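After the sequence you'll find the predicted model.
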Amino acid sequence: MDKLLIQGGNRLSGEITISGAKNAALPILCAGLLSSDQLHLSNVPNLHDVSTILKLLRQMGLKATQDGHFVTLQGDAITNLEAPYEMVKTMRASILVLGPLLARFGEARVSLPGGCGIGSRPVDQHIKGLQAMGAEIAIEAGYIHAKAKKLKGTRVVTDMITVTGTENLLMAATLADGETVLENAAREPEVTDLANLLVAMGAKIDGIGTDRLTIQGVDKLHGAEHAVIADRIETGTFLCAVAATGGDVMLKNTRSHILDAVLDKLREAGVILTSGDDWIRVQMAARPKAVSFRTTEYPGFPTDMQAQFMAMNSIAEGTSHVTETIFENRFMHVQEMNRLGAAIDVQGNTAIIKGVDKLVGAPVMATDLRASASLVISGLVAQGQTLIERVYHLDRGYDEMERKLSAVGANIERIK
Ligand SMILES: CC(=O)N[C@H]1[C@@H](OP(=O)(O)OP(=O)(O)OC[C@H]2O[C@@H](n3ccc(=O)[nH]c3=O)[C@H](O)[C@@H]2O)O[C@H](CO)[C@@H](O)[C@@H]1O
Ligand SMILES: C=C(OP(=O)(O)O)C(=O)O
């Protein structure tokens, strides 16, 4: 298993190009199941999760070719309507095949994803919405068996805001009979990116970017071209790295307006940010000031940035309070950061972080994707060597992170 070895203490300076968003690419690739025509996708990030979803889609009969960050899909020979446990267990986003398969082929058999490190993460709202659209759903032997001759448009109000739930129901509704209204829809930019692709494929969607999506079903969707949006979480991760280490870095191929809550908190921490249409420059000369926040749905502060901010807060001036409201177990990085000398105490769903003068490198274990990113940031700041184990978590969602960090002066290497 690969490890990352970091010699901390370097300031970061130079340029980093941000990749396409994992959480936009995954549903967009699944949308390839909705049409027999070709989809031409660009800015698709090179990630393990992308390889996993492509493997799953190919197994279903979707033709997929990948050339760097370009992917072409064609769904004119889909024969297998099953997503097996072996694949779903490594990547929960596999649940995103459920809506498209059911809507286009009237049937799907998808393994229940089960819990994961950060929480129990049920998919009851995906199921509730599809049932409301007329699907017959049975759960047997760990699989969701779904059938519907033709899904019917209806009004769906989800109990809570769910990102992949909204995406699954949105894709299903594009081919349903009549009008579907999704209330309490997620407004994350990745949902908007998927909706824009679906419109390019001929879907009729109103309210894109709002919490009320209205979809008029059409008989079929056609081919389209689409560039995946920039990864706001990758962007935020590098911004936090510079905030913690100090330096001056230009992030290219990204946008500031999908990161408002994160940028506001960084400014509060003392970071200097400037931005243009497709770049953000981050400058940091002083020790960061501690910043408190609660994670919430978009446009609030994203749970996927909580761990990285905690790394910055661990060496900041002052004490901060970080409350996690989305997932019940997303503080697994705390124990590892404390091994590096951080002073973090967890009380319920709030972490209290007393900023310390320095961290000291040690062997640590990555437990999930963003926890891994927070340990990389901690390692970049710590004195001496930090060895991070289980970096396969990081590879799920970051495109060449160590190459990008090395290019701006970090001392980081992968040990095979
Ligand atoms: C591939 C992808 O896009 N992943 C993102 C997506 O995950 P994902 O779509 O899985 O997260 P959700 O928005 O669905 O989850 C939000 C909350 O709702 C709960 N819930 C959700 C669905 C459901 O049927 N029942 C239920 O109880 C979850 O357990 C969680 O507590 O949004 C999360 C929240 O922004 C991000 O952290 C993930 O990076
Ligand atoms: C939690 C995340 O992803 P996933 O939903 O794919 O587990 C994430 O991107 O931080």
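The structure has been received and is ready for your questions. Residues are numbered from 1 along each chain as shown. Ligands and ions are numbered 1, 2, ... in the order given.

Averaged pLDDT, stretch 269-282. What do you get?
Taken as a whole, stretch 269-282 has an average pLDDT of 98.

Kindly report the same for stretch 183-200.
Mean per-residue pLDDT for stretch 183-200: 98.

next one: it to chain centre, how far?
In terms of CA atoms, centre = their mean, to the nearest Å, the centre of stretch 183-200 is found 14 Å from the chain centre.

in that stretch, what counts as buried?
The neighbour-count check on stretch 183-200 (16 or more other CB atoms under 10 Å) flags 184-199 as buried. Every residue, glycine included, has its C-beta placed from N, CA and C.

which two of those lie the greatest distance from each other?
Largest separation among the buried residues of stretch 183-200 by CB to CB: 184 and 197, giving 22.1 Å.

returning to what we had before: which among the buried residues of stretch 183-200 gets closest to residue 299?
Among the buried residues of stretch 183-200, residue 187 lies closest to residue 299 (CB to CB), at 6.8 Å.

Validate this expectation: that closest one resides in a helix.
No - counting by DSSP: H, G, I helix; E, B strand; the rest coil, residue 187 is not part of a helix but coil.

any idea how far it is from ligand 1?
Applying CB to the nearest ligand atom, to the nearest Å, the value for residue 187 to ligand 1 is 11 Å.

That residue reaches residue 210, doesn't it?
Yes - Residue 187 lies in contact with residue 210 (CB atoms under 8 Å); the separation is 6.6 Å.

what residues are up against the residue nearest to residue 117 when sequence neighbours are not counted?
Of all residues not flanking residue 117 in the chain, residue 368 sits nearest, at 4.3 Å (CB to CB, 6 or more residues apart in numbering). By CB atoms under 8 Å, 6 or more residues apart in numbering, the contact set of residue 368 is 116, 117, 118, 330, 332, 393.

show me the contacts for residue 342.
Shown in contact with residue 342 (CB under 8 Å, 6+ apart): 314, 315, 334, 353, 356, 359, 378.

ok, now which ones touch the fourth one?
Going by CB under 8 Å, 6+ apart, residue 353 touches 290, 310, 313, 314, 316, 319, 320, 321, 322, 342, 343, 344.

between those, which is nearest ligand 2?
residue 310 (13.9 Å; CB to the nearest ligand atom).

what packs against the helix or strand containing the closest one?
Using DSSP states H and E, residue 310 maps to helix 306-314. On a contact count with 3 or more CB pairs under 8 Å, 6 or more residues apart in numbering; DSSP states H and E, helix 306-314 meets helix 232-245, strand 319-323, helix 332-339, strand 343-347, strand 350-354, helix 369-381.

neighbouring contacts of that helix?
Helix 306-314 is contacted from outside by 236-237, 240-241, 243-244, 265, 269, 288, 290-291, 293, 295, 320, 322, 324, 330, 333-334, 337, 340, 342-344, 351, 353, 355-356, 359, 370-371, 373-375, 377-378, 381, using CB under 8 Å, 6+ apart.

Just the buried ones among those residues, please.
Buried among those by 16+ other CB under 10 Å: 236-237, 240-241, 243-244, 265, 269, 288, 290-291, 293, 295, 320, 322, 324, 330, 333-334, 337, 340, 342, 344, 351, 353, 355, 359, 370-371, 373-375, 377-378, 381.

among the residues you listed, which are in reach of ligand 2?
Filtering the buried ones among the contacts of helix 306-314 for neighbours of ligand 2 using CB under 6 Å from any ligand atom leaves residue 370.

so residue 2 makes contact with residue 414?
Yes - between residue 2 and residue 414 there is a contact under CB under 8 Å: 5.6 Å.

what do the two both touch?
Common neighbours of residue 2 and residue 414 (CB under 8 Å, 6+ apart) are residue 391.

ok, residue 189 to ligand 2 distance?
Using CB to the nearest ligand atom, residue 189 is found at 13 Å from ligand 2.

if I pick that residue, what's in contact with it?
Residue 189 sits next to 21, 24, 229, 232, 258, 298 when contact means CB under 8 Å, 6+ apart.

Residue 249 is in contact with residue 13, correct?
Yes - using CB under 8 Å, residue 13 is in contact with residue 249, at 6.2 Å.

Comparing those two, which residue is more hemmed in?
The residue with more neighbours, out of residue 13 and residue 249, is residue 249; 25 against 15, by other CB atoms under 10 Å.

Show me which positions of the helix or strand hosting that one end up buried.
Using DSSP H and E, residue 249 sits within strand 247-252. Within strand 247-252, the residues that count as buried by 16+ other CB under 10 Å are 247, 248, 249, 250, 251.

That strand: how far from the chain's middle?
22 Å.

same check, this time on stretch 118-133
Its chain's C-alpha centre and that of stretch 118-133 lie 18 Å apart, by CA atoms, centre = their mean.

does ligand 1 sit close to that stretch?
Yes - counting by CB under 6 Å from any ligand atom, contacts between stretch 118-133 and ligand 1 involve 119, 121, 122, 123, 124, 125, 126.

So which of those residues sit within helices?
Judged by DSSP state H, these include 124, 125, 126 as members of helices.

hey, what's residue 41 bridged with?
With DSSP bridges as the criterion, residue 41 is bridged to residue 71, residue 226.

I'd guessed it sits against residue 70; true?
Yes - between residue 41 and residue 70 there is a contact under CB under 8 Å: 6.9 Å.

Who has more neighbours out of these two?
Comparing residue 41 with residue 70 by other CB under 10 Å, the one with more neighbours is residue 41, at 24 against 13.

so who does the more buried one touch?
Counting by CB under 8 Å, 6+ apart, residue 41 touches 25, 28, 29, 70, 71, 72, 73, 225, 226, 227, 228.
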